[in-house]
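**Q** test case, fold it:
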Amino acid sequence: MRYEHFLAHRFFRSRKRTGFVSLITWISVAGVALGVAVLIVALSIMNGVTKELSARLLGTNAALILLRYDRDTIPNADSVSAAVLAVPDVEGVASFIYGKGFLLTDGRRDFAVVKGVDLAAERSVTTIVENISPEVKSLATPEGGRPQLVLGRDLAEKLRVSVGDEITLVNPLRAKPSITGFNAKYRKFEVAGIFRSGLYEYDATLVFIDTAEARTLYDTGNAVTGIEIRVSDPFAAAAMEDRVLEALGGFPYRVNTWIELNQNLFVYMKLEKYLLSLILLLIVLVAAFNIVGALTMLVMEKKREIGILKSMGATDGEVLRIFMTAGIEIGILGLVAGIAVGLGGTWLLDRHRIPIPNDVYFLDTVPVRLEAIDVVVVSVVVFFLCWLATLYPAYKAARLDPLEAIRQG
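**A** Just a heads-up that it's a prediction; the model follows:
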């Protein structure tokens, strides 16, 4: 061990130090630890929210949605689907019919977003089918039975319906004039299952019916509203968009990616992560100022020892390193303690999920995802701030005149 490090450790642990200096030192350690711990936990929560939202959005929606510019439907869906499926890295396609309507039951009604799908094809592009309870293999109308319908959990709770209940789906946009006024087009369905995506926006509005029933209810004929596309890498959706359009010859086709559809949400989360990190770094900055104060008072207390060291031949650089090492020891103690507390807090949050109102935050529990790169970045930034905090007091100690220091000490 170099003697500068030995003396730094002795100065830091010295029992002759005043209680006030010792208090400031331990406040500095606690401040650094608190800042590091809160940063690690906060970044883990933000990572968890991003991952959870991405998984749930991709579970309900496909990575790409193929539509047309010139009309609301795609008439030749089978040939278009075959062309898209031939594109490299496309793993599945499924056509759908999109509509809006009202659900009526026992005097209660609510707005619904209706999606006509073939559940077998839907399995190849999303995971929503896996979240239906009880398991529903097909929404096709059974012979001699009623048409089948699946709706979100929150929508089912608002309408107070369960599996097996009858419910009426109304398409008010297809109302026809009659002697008594306008008669809306409607169809009675049986609730075959209830799904839970984990996203309130979908669970409170979305309804699935069979493609054949959707064609009848919304008068689309053999056409479909669009085609969902699943790709091998959802985060490369922009590149896949160009490849799909190239395979189809471009116009009149257009593609919406899941990132574009949720762009505002992702931009907001990224901005929130950066701003939150910046704000929490203020805790570390306060601790860094405490390190400056603690080292400055240590220099004042050790003036005589500094003068003796310099009179014995210690150089300004060696004195500088002694007090920088003492300050860095404070930072490292706080950093190690903060990492330990942060990792422990993250583990506890992951093990015991905290419930949150899903109609406000989209999710029903606080998700956590710890990433090693965040721990490394936080450690490097905090260590750098603590190192900067040691420069001024260490410089003042190195510039002390030995005779003046011995006389005043």
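**Q** low pLDDT regions in the stretch 201-350 of the chain?
**A** For the stretch 201-350 of the chain, applying pLDDT under 70 flags the ranges 301-303, 305-307, 309-310, 313, 316.
**Q** now do the helices in it.
**A** For the stretch 201-350 of the chain, helices defined by DSSP state H, counting those that start in this stretch occupy the ranges 211-218, 237-248, 258-261, 263-301, 303-311, 316-351.
**Q** pull the number of nearby residues for Leu159.
**A** Counted with other CB atoms under 10 Å, the neighbours of Leu159 add up to 20. In this view, the C-beta of every residue, glycine as well, is placed from N, C-alpha and C.
**Q** distance check, it against Ile209.
**A** As judged by CB to CB, to the nearest Å, Leu159 and Ile209 stand 15 Å apart.
**Q** and what of Val376?
**A** Distance from Val376 to Ile209, counting by CB to CB: 50 Å.
**Q** and for Val41?
**A** Taking CB to CB, one finds Val41 at 44 Å from Ile209.
**Q** next one: Gly293
**A** Taking CB to CB, one finds Gly293 at 69 Å from Ile209.
**Q** also Asp78?
**A** Separation of Asp78 from Ile209 (CB to CB): 20 Å.
**Q** just Leu151 next, same as before
**A** According to CB to CB, Leu151 stands 10 Å off from Ile209.
**Q** of the two, who's got more company?
**A** Between Leu151 and Ile209, counted using other CB under 10 Å, Leu151 has the larger neighbour count: 30 against 27.
**Q** helix or strand for the more buried one, which one?
**A** Assigned by DSSP states H and E, Leu151 belongs to strand 148-152.
**Q** which helix or strand lies directly C-terminal to that strand?
**A** Taking DSSP H and E, what comes next after strand 148-152 is helix 153-159.
**Q** how about that following helix: buried residues?
**A** 153-156, 159 (16 or more other CB atoms under 10 Å).
**Q** now swap in stretch 321-336 and tell me
**A** 321-335.
**Q** pick the one among those residues closest to Pro88.
**A** Nearest to Pro88 out of these is Leu335 (CB to CB; 47.2 Å).
**Q** surely that closest one and Val32 touch.
**A** Yes - between Leu335 and Val32 there is a contact under CB atoms under 8 Å: 6.1 Å.
**Q** can you list residues touching both of those two?
**A** The contact sets of Leu335 and Val32 overlap at 382, 386 (CB atoms under 8 Å, 6 or more residues apart in numbering).
**Q** so who does Asp118 touch?
**A** Each residue near Asp118 by CB under 8 Å, 6+ apart is listed here: 94-95, 210-211.
**Q** make TSV from those and add neighbour count and distance to Asp110 to it.
**A** Output for those, formatted as TSV (neighbours: other CB atoms under 10 Å; distance: CB to CB, whole Å):
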residue	neighbour count	distance to Asp110
Ala94	24	26
Ser95	22	27
Asp210	23	21
Thr211	23	23
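**Q** contacting residues around stretch 287-294?
**A** The contact list for stretch 287-294 (CB under 8 Å, 6+ apart) reads 21, 24-25, 27-32, 34-35, 327, 330-331, 334, 385-386, 388-390, 392-393.
**Q** what about 6 Å?
**A** Identification of contacts with stretch 287-294 by CB atoms under 6 Å, 6 or more residues apart in numbering yields 24-25, 27-28, 31-32, 327, 330, 385, 389.
**Q** just these: which are in strands?
**A** Among these, none falls in strands (DSSP state E).
**Q** longest helix of the protein?
**A** Counting residues, the longest helix in the chain under DSSP state H turns out to be helix 19-60.
**Q** what residue lies at the spatial centre of the protein?
**A** Thr50 (1.7 Å; CA atoms, centre = their mean).
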